[in-house]
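Chemist: Based on what follows, work out the 3D shape:
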Amino acid sequence: MAITVVRFLHEGDARWGVVHQGRIAPLAGRYASTADFINEGMAAAQASTPQQALLDLARVTLLSPITGDRQFLCQGINYASHVRESGMDPARIGFNTLFTKAPSSLASAHDDIVRPAHVRLLDYEIELGLVMKRPLRAATTISSGELHHWLAGVTIVNDISARDVQLPQGQFYKGKSYRTFGPAGPYLLLLDAAEWLRWPELRMRLAVNGQPRQESLCGDMLYKPHQTLTEVSGLHDLAPGDLIATGTPAGCAARAPGKLVMWIMRHFMSDATKWRLFIQKGLSNPAYLQPGDVITATIRSDDGRLDLGEQRNRVVAA
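Modeler: Okay, here's the model as predicted:
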């Protein structure tokens, strides 16, 4: 049975606990990081009972379940629908796009998202986050049925992106790594072997000011979790608590222009002109986030048995 874990503030201390029907059973151990919780506290979480749930979930301040000392890896253009809205053909995406995001961008599921003063095209991307359980320190082939050996659980990630930095400058890391640009949580949902087989059934939904923007099953990923773990294992080490955000479906504010416009831009415009027009057009797009907007994001199975909770973040100006 899935175990709902939260990291929260209680009497000035960061604590870990298990959610039982809207109440938290605090864990006795004090785990300074996500790695410490996974290495030392998962057994206690698995043994937690509803009778130990002493705190009202609604009355505590939730923190990101991923601490800032962990790696924050990401996949790009990993859903066919998002590939198409980005102006590309999914059949021609022959590789897994991988990049990193600064761990200092992590925020809680309820923190404000701060739009830097120079950013005008602020976008959202709901993503399923995979959280490592074991060290992965050598090239390893991982099958779809082995995820429970390597992964502890899942969480919601919103890969907030400054498109007018990311795209014109060609810098994913810079455009996606401003502080607060990585809301994670509210829950770290620990899954058993059978539940890990259900990850494709998880449904992602994101809305802005109550208006639906994104919805997709996680099973629509182009590169699945076991494939990504296999590939990343050949690049560098992964450790317990490290986070992998697995890409976003269609519905982002950023959209590619039509094929004719793209052809004209490619053949008759300088890069500087092309990106100046991109920003100019984006400024008239109401889908980009503005101060005061509220983003809500959920990931859960349709039967409700796997529920990662709800993010609710307000955009504020720096």
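Chemist: When you work out contacts or count neighbours from here on, use the C-alpha atoms and nothing else.
Modeler: Fine.
Chemist: Tell me where this structure is predicted with low confidence.
Modeler: 256-269, 273-274 (pLDDT under 70).
Chemist: Swap in 90 and give it another go.
Modeler: 1, 11-12, 82-94, 167-168, 170, 255-282 (pLDDT under 90).
Chemist: domain assignment for it?
Modeler: Under the assignment named as automatic domain parsing, the residue ranges that make up the domains of the chain are 3-63, 72-317.
Chemist: Looks like Ala107 contacts Tyr178 (just checking).
Modeler: No: using Cα atoms under 8 Å, Ala107 is not in contact with Tyr178; the gap is 10.7 Å.
Chemist: More neighbours: which of these two?
Modeler: Ala107 (26 against 22; other Cα atoms under 10 Å).
Chemist: Phi and psi next, for the residue nearest to the more buried one when sequence neighbours are not counted.
Modeler: Nearest residue to Ala107, sequence neighbours excluded (Cα to Cα, 6 or more residues apart in numbering): Pro183, at 4.3 Å. Phi and psi for Pro183, reported as degrees, to the nearest 10, are phi -60, psi 130.
Chemist: cool, and Asp164?
Modeler: phi -80, psi 0.
Chemist: With His148 instead?
Modeler: phi -70, psi -20.
Chemist: likewise Ile126?
Modeler: phi -70, psi 140.
Chemist: what are the bridge partners for it, then?
Modeler: With beta bridges defined as DSSP bridges, Ile126 has these partners: Asn158.
Chemist: who touches it in this structure?
Modeler: Ile156, Val157, Asn158, Asp159, Met204, Arg205, Leu206, Gln214, Gly247, Thr248, Pro249, Ala297 (Cα atoms under 8 Å, 6 or more residues apart in numbering).
Chemist: Please verify my assumption that the first one contacts Val131.
Modeler: Looking back up the chat, that one is Ile156. No: counting by Cα under 8 Å, Val131 is not a contact partner of Ile156; they are 10.6 Å apart.
Chemist: between those two, what contacts are shared?
Modeler: With Cα under 8 Å, 6+ apart, Ile156 and Val131 have no common neighbours.
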